[in-house]
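In: please find the sequence and the predicted model below.
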Amino acid sequence: MSDRTPHLVTLTGQDGPGIAERLFAALAGQGIAVFDVEQVRVHGRLLLCVEIEVAEPDAGELSRALSRELRTVQVEVAIAPLRERETGTGPDRYLVTVLAPEIDAGTLQGITGRVSRCGGNIERIVRLSAYPVHSYELTVAGGDLTLLRRALADEAVQHEVDIAVQVAGLHRRAKHLIVLDADSTLIQGEVIDLLAARGGCGAQVAAVTEAAMAGDIDFEEALRRRVRLLAGLGQADLDAVRRSIVLAPGARTLVRTLKRLGYEMAVVSGGFMEVIGPLVAELGIDHLAANVLSVEGGVITGELAAPVLDRAGKASALIRFARAAGVPLSRTIAVGDGANDLDMLAVAGLGIAFNAKPVVRQAADTALSVPYLDAILFLLGISRREVELADQLDEAGRV
């Protein structure tokens, strides 16, 4: 064969064992080099594409030869010229992740339409999960990142789904640091409210919290006022509150899976070390920063034993932990729900608002409105099937 040009061999039909082997054996028998391969299997249906070089007059004979070789399987063979060969210098690629309890055709129509109108071309769509939420990942070539994010944010509001847009690349597979807020993120509820209920001062603590949210008191002063109301609580009260803590749904799955992958994890909390610390240790989380109560003779004095960990302190802790882990800030992920999380969400490579207040949702890179903390895995491209398989292998003692 002479004057060979790029062609694409496409096999479509019912999948089965040995199809790829027979195709490559036939190509090898014809002395044809393979330049690229991609295969997708969806519900038993096969799409196998192989880039080769063949002279145009010989393409028809090659197609007939391949059809003869594959005549006993339920696939169709087509060979067509490639107008242009893909190179490593193509358009930028982005990963669009869509999550919701249900994702219907109208939602997918709106999202894919927005991508197209932003100048992007969808190269691949993969379902990541059907439980506890439905999620899909779209690989998009071309388009402008800022424009895509803005357009898809509008679509997310219209269809009541969560959408994240990230730059694709090798960095996604590298080691990351994941930093979680504690109250109303890693755990359900607020530690200070649980302590206040134990001490019978829930209404007073709630009043100070409301004043702080209205902007009448700054964060540090509000925290110190609430801690003073806790004076007199003892070690037994701290232990009882610690035992009453309920993790967010999916928290253990998130931590277990990310630790298996070699990620480092941290908790940065406006809550209290005495309550959060044992939980963080039990989960195997690597780093913790939190406020420390002053306790004398087993009794809370109503003061803090160290400087307040406030909004700026959370961001500083993230930077400190990233440095200790040897992870650049571009590979850090922060997750939080409140205004005191805004600085750490801004400094992280990816800031995720988790069931957050509107001001936090607007400021974060992306937002999750589902109650499952392990939905973060889908933003990292980790599918539910991979999580379940890792759990099965772990139970069998193979990981």
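Out: Ah, there it is.
In: ok, the nearest residue to residue 168 once chain neighbours are set aside - contacts?
Out: Once flanking residues are discounted, residue 168 sits nearest to residue 93: 4.0 Å by CB to CB, 6 or more residues apart in numbering. Quick note: C-beta positions are derived from backbone N, CA and C, even for glycine. With CB atoms under 8 Å, 6 or more residues apart in numbering as the criterion, the residues that contact residue 93 are 123, 139, 140, 141, 167, 168, 169.
In: which among those count as buried?
Out: For the contacts of residue 93, a burial check counting by 16 or more other CB atoms under 10 Å picks out 139, 140, 141, 168.
In: what's near enough to touch the third one?
Out: So the one you mean is residue 141. Under the criterion of CB under 8 Å, 6+ apart, the contact list for residue 141 reads 90, 91, 92, 93, 120, 121, 123.
In: bridged to it, which residues?
Out: Beta bridges link residue 141 to residue 93, residue 121, judged by DSSP bridges.
In: and it, how far from residue 237?
Out: 57 Å (CB to CB, to the nearest Å).
In: on that earlier part again, of the contacts of residue 141, buried ones?
Out: Neighbour counting by 16+ other CB under 10 Å classes 93, 120 among the contacts of residue 141 as buried.
In: just put the contacts of residue 141 in JSON lines and tack on pLDDT.
Out: Formatted as JSON lines, the entries for the contacts of residue 141 read as follows, by pLDDT from 0 to 100:
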{"residue": "90", "pLDDT": "67"}
{"residue": "91", "pLDDT": "79"}
{"residue": "92", "pLDDT": "90"}
{"residue": "93", "pLDDT": "93"}
{"residue": "120", "pLDDT": "95"}
{"residue": "121", "pLDDT": "95"}
{"residue": "123", "pLDDT": "92"}
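In: list just the nearest of the contacts of residue 141 to residue 65.
Out: Among the contacts of residue 141, residue 123 lies closest to residue 65 (CB to CB), at 30.1 Å.
In: just to check, the closest one is in contact with residue 139?
Out: Yes: counting by CB atoms under 8 Å, residue 123 sits close enough to residue 139 to count as a contact (4.7 Å).
In: find the residue ranges of the protein scoring beneath the pLDDT cut-off.
Out: Counting by pLDDT under 70, the chain contains low-confidence ranges at 1-2, 85-90, 398-399.
In: domain map for it?
Out: The chain resolves into domains spanning 5-81, 93-168, 177-189+247-294+304-388 when parsed by automatic domain parsing.
In: how far out from the middle of the chain is the shortest one?
Out: The one in question is domain 93-168. Between the centre of domain 93-168 and the centre of its host chain there is 14 Å, according to CA atoms, centre = their mean, to the nearest Å.
In: now do the same end-to-end measure for that domain.
Out: Taking CA to CA, to the nearest Å, the span from the opening residue of domain 93-168 to its closing residue is 5 Å.
In: do the last one as well
Out: Criterion CA to CA; first-to-last residue distance in domain 177-189+247-294+304-388 is 22 Å.
In: same question for stretch 298-314.
Out: Between the start and the finish of stretch 298-314 there is a gap of 28 Å, counting by CA to CA.
In: for stretch 52-60, same thing?
Out: Its first and final residues considered, stretch 52-60 spans 14 Å by CA to CA.
In: for it, buried residues please.
Out: Buried residues in stretch 52-60, defined by neighbour count with 16+ other CB under 10 Å: 52, 53, 54, 58, 59.
In: quick one: which of those sit in strands?
Out: Residues of the buried residues of stretch 52-60 located in strands (DSSP state E): 52, 53, 54.
In: how about those in CSV, adding distance to residue 129?
Out: Putting these into CSV (distance: CB to CB, whole Å) gives the following:
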residue, distance to residue 129
52, 36
53, 40
54, 41
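In: for these, which one is nearest residue 303?
Out: Proximity of those to residue 303 (CB to CB) peaks at residue 52, which lies at 74.9 Å.
In: hang on, the closest one packs against residue 33?
Out: Yes: using CB under 8 Å as the test, residue 52 is close enough to residue 33 to be in contact (6.8 Å).
In: hang on, the earlier thing: can you say which of the domains of the chain is packed in most?
Out: Looking across the domains of the chain with neighbours counted as mean count of other CB atoms under 10 Å, the highest average goes to domain 177-189+247-294+304-388: a mean of 20.
In: the nearest residue to residue 120 once chain neighbours are set aside: helix or strand, and which one exactly?
Out: Once its chain neighbours are removed from consideration, residue 120 has its nearest residue in residue 143; the separation is 3.3 Å (CB to CB, 6+ apart). Secondary structure assigned from DSSP states H and E places residue 143 in neither a helix nor a strand.
In: what's the spacing between residue 143 and residue 205?
Out: Between residue 143 and residue 205 the distance, using CB to CB, works out to 48 Å.
In: likewise residue 354?
Out: Between residue 354 and residue 205 the distance, using CB to CB, works out to 23 Å.
In: switch the domains of the chain over to CSV; also include distance to residue 197.
Out: Output for the domains of the chain, formatted as CSV (distance: least, CB to CB, whole Å):
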stretch, distance to residue 197
domain 5-81, 51
domain 93-168, 29
domain 177-189+247-294+304-388, 10
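In: residue 230: which of those domains is closest?
Out: Residue 230 sits nearest to domain 177-189+247-294+304-388 of all the domains of the chain, at 7.7 Å, using CB to CB.
In: could you pull out the helices in the stretch 151-300 of the chain for me?
Out: Along the stretch 151-300 of the chain, counting by DSSP state H, counting those that start in this stretch, helices occupy 191-199, 202-213, 219-229, 235-244, 251-260, 273-283.
In: could you export these as JSON lines, including distance to residue 326?
Out: Listed next are the helices of the stretch 151-300 of the chain as JSON lines, based on distance: least, CB to CB, whole Å:
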{"stretch": "helix 191-199", "distance to residue 326": "31"}
{"stretch": "helix 202-213", "distance to residue 326": "37"}
{"stretch": "helix 219-229", "distance to residue 326": "31"}
{"stretch": "helix 235-244", "distance to residue 326": "32"}
{"stretch": "helix 251-260", "distance to residue 326": "16"}
{"stretch": "helix 273-283", "distance to residue 326": "21"}
